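>>> below are the sequence and a predicted model for it; my questions follow.
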Amino acid sequence: MIYRCRKDRERQKSASFSTSRPNAGYRHCVRRKIQCAALTVVGALLGRRVDARWLIAAGLLILAAGNFWMSQLNLGISPWQAVWPRVVMILGLGMIFAPLNVAAYLYIPLALRGAAVGLFALLRNEGGSFGTSIGQTITERRE
């Protein structure tokens, strides 16, 4: 009986991991699917020459709505009640990052674009570190 259960478990495990390695993470990851859908829409809009600043503004508004919705939750919620505000936040984030890159590189000459990519990546990484440090400092001083 133990052998039979182990064999069934191995068969089930092999069936659930039957996708190829590059696609294995996308099978169960709702967040990535939502981001890909948002980026597809944003890419189509950018291809039609919609101003990137309007898409960034719309993404910030959607992100603000998701954050506000998340701020109204309390500890008595079920896990699924936290999913939908997160979905709204991910849609907003998906609408921010691609147009942000387009807006950052739009008027830079091709000769300087490599340096601009490096500088933008440096500032984005340093901004993330700085924001994390400020958040941690505020949390520590609050207690």
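Looks like it came in fine.

>>> can you pull the domain assignment for the protein?
Annotated domains of the chain cover 29-106, 108-143 [automatic domain parsing].

>>> how near is Asn101 to Tyr107?
Asn101 sits 13 Å away from Tyr107, going by Cβ to Cβ, to the nearest Å. For every residue, glycine as well, the C-beta is placed using N, CA and C.

>>> and if you look at Arg113?
Going from Arg113 to Tyr107 by Cβ to Cβ gives 11 Å.

>>> the helix ranked longest in the chain - what's its average pLDDT?
Ranked by number of residues, the top helix in the chain under DSSP state H is helix 113-142. For helix 113-142, mean pLDDT rounds to 89.

>>> just the domains of the chain: most buried one?
Mean neighbours per residue, mean count of other Cβ atoms under 10 Å, is largest over those for domain 29-106, with a mean of 15.
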